[in-house]
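**Q** sequence first, then the predicted structure:
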Amino acid sequence: MKIAVIGVGAVGFFLCKYLLEKTDFAIKCADKSIRNLKKLKQFGDTKRLTFHRISVNDSSSLEKLIKDTDLVINSATPTINRKIIEIALKYCVNYQDLASNLEDLINPEQLEYSEDFKQKGIVGLINTGISPGLTNLIAGELASKFDTVETIKFRIFEDQKPPGTIWSWSPKVLFSDILSSPLIYEKGKFNFREPFNEPEYYNYPEPIGRRKAYLVYGDEISTIPRFLKVKNVNLKAAGSDIEFLMALYNMGLLSDNPLKINGVTVSPYEILLKITRRVASIKDIIQKIKEGVLEEATFGLVVECSGKIKGERKTLRGYLIFPSIRELTKIAPGSTHVSYPTAFVAGVMAKFIKKIQSIRQGVFAPEALPESIRRKIFSELRKESFNVIIEEFSRKKTTPNQIL
């Protein structure tokens, strides 16, 4: 099988590493940055890996890259989803990405192409990282155990010590997400809330414990009600990363209202973007950990599903606390608590794209995957000791059920 990976930055690098080590795929690695492409050469001289310096604005080069592949993965930016999808359709190539662009914050643009994908007999598997991605997959698994589903809650945890030491994503993307009004699904309708609204103390699994979580924007909300029958869906996040961003927001540093400073008109947001350091390189991450500048960083996710099973009201939750950045350094030096898990999950889903295609065609998110595929993905995650735990949950006690 031949695939193209567009964007080999923090996530794309480790995605290519996973695919090279865990599959027999021939991989075309594409990026506009020579620096990013050169990093991949550490994997050695292999005929399975080729390098292509391409700008996403160069449609002709993108077509040449994609047209003879079986799958194209956009691990660059969601803003080019449409462009890559349309090329994939033109050449009957399966498509995968990590997140939606969501121009109106409600409707994932990728879903507009679902009927076209069905007619071509190909798959568009969207939002395949950890959040969105694994969160959606767990939601699909939990919902399948219920006769009726009332509420699905996503509770994300992202923490580093000291706070704000590294950016887990592109600052511009993070700021954009934070400035977006959180989308919720309530009583069968989409609604918006103010950023960081409706705070609550949530009991995360150990070793995290009780932490204050806030409403933030999550792609999960835009797809879950389209593929799962549910009345209410929301997403909140906790941890130092979200508190750091909230502090920037509350201080007005994310405001795009213009200010006049020494005769120059500029917004706080423009200044912040200009002075903010870039996403740390692999070399930077290794150095910061070695010197103790970055003491620790952790990412965890919880999906809580409430409804009725055989007439009885139940709440189940599935969760995964990923290895800390220091633990990940032993298996993937230079990765972060976000980049490696995101790449790994996306890689696992790519591994099964042909099997998915044989069962279902069209464009859909991971919650729509059939049980047989979900099980295969969970099995692959276990091989890396990424164990998704399912338990019956109440505010008073939890009853461990199974490791998926």
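**A** Cool, got the structure.
**Q** tell me the helices in the stretch 251-400 of the chain, going along the chain?
**A** 268-275, 282-291, 325-331, 339-351, 353-359, 371-383 (DSSP state H, counting those that start in this stretch).
**Q** would you mind listing the buried residues in the first one?
**A** Of the residues in helix 268-275, those buried by neighbour count under the rule 16 or more other Cβ atoms under 10 Å are 268-269. (Each C-beta comes from the backbone N, C-alpha and C, glycine too.)
**Q** what is it packed up against?
**A** helix 171-179 (3 or more Cβ pairs under 8 Å, 6 or more residues apart in numbering; DSSP states H and E).
**Q** tell me what angle the helix it packs on forms with helix 268-275.
**A** When axes from the mean of the first three to the mean of the last three Cα atoms, to 10 degrees is applied, the directions of helix 171-179 and helix 268-275 differ by 150 degrees.
**Q** strands of the stretch 101-250 of the chain, residue ranges please.
**A** Ranges of strands in the stretch 101-250 of the chain, per DSSP state E, counting those that start in this stretch, are 123-125, 148-161, 183-186, 189-192, 200-203, 210-215, 232-238.
**Q** out of those, which is the most enclosed?
**A** With neighbours taken as mean count of other Cβ atoms under 10 Å, the strands of the stretch 101-250 of the chain reach their highest mean count in strand 123-125, at a mean of 27.
**Q** quick one: contacts of it?
**A** If you take Cβ atoms under 8 Å, 6 or more residues apart in numbering as the criterion, strand 123-125 is touched by 85, 88, 94-96, 110, 113-114, 117, 349, 353, 356-357, 360-366.
**Q** hmm, 7 Å instead?
**A** With Cβ atoms under 7 Å, 6 or more residues apart in numbering as the test, strand 123-125 has contacts from 85, 94-96, 110, 113, 117, 349, 353, 356-357, 361-364.
**Q** and which of those residues is nearest M1?
**A** I353 (8.3 Å; Cβ to Cβ).
**Q** wait, that closest one sits on L71?
**A** Yes - taking Cβ atoms under 7 Å as the definition, I353 is a contact partner of L71 at 5.2 Å.
**Q** tally of neighbours for the closest residue to L183 other than its chain neighbours?
**A** Nearest in space to L183, with sequence neighbours left out and distances taken as Cβ to Cβ, 6 or more residues apart in numbering, is I221 at 4.5 Å. The tally of other residues near I221 (other Cβ atoms under 10 Å) stands at 22.
**Q** just I178 next, same as before
**A** 18.
**Q** go ahead and confirm it touches L253.
**A** No - judged on Cβ under 7 Å, I178 makes no contact with L253 at a distance of 10.9 Å.
**Q** how far does stretch 216-223 stretch from one end to the other?
**A** Between the opening and closing residues of stretch 216-223 there is a gap of 16 Å (Cα to Cα, to the nearest Å).
**Q** show me the contact partners of that stretch.
**A** 99-100, 102, 106-108, 127, 131-132, 135-136, 154, 177-178, 180, 182-185, 195, 233-237, 242, 365, 367.
**Q** and it, average pLDDT?
**A** Averaged across stretch 216-223, pLDDT comes to 97.
**Q** nearest to L142, out of the strands of the stretch 101-250 of the chain?
**A** When the strands of the stretch 101-250 of the chain are compared by Cβ to Cβ, strand 148-161 sits nearest L142, at 7.6 Å.
**Q** what is the closest one packed up against?
**A** Here strand 148-161 touches helix 134-143, strand 232-238, helix 240-250, strand 296-309, going by 3 or more Cβ pairs under 7 Å, 6 or more residues apart in numbering; DSSP states H and E.
**Q** okay, now the sheet partners of that strand, with direction.
**A** According to DSSP bridges, strand 148-161 forms sheet pairs with strand 232-238 (parallel), strand 296-309 (antiparallel).
**Q** let me see the mean pLDDT of the last one.
**A** Just to be clear, that refers to strand 296-309. In the prediction, strand 296-309 has an average pLDDT of 96.
**Q** who does the residue positioned nearest the centre of the chain bridge with?
**A** By Cα atoms, centre = their mean, the mean C-alpha position of the chain lies nearest to G129, the distance being 3.4 Å. For G129, the beta-bridge partners are G133 (DSSP bridges).
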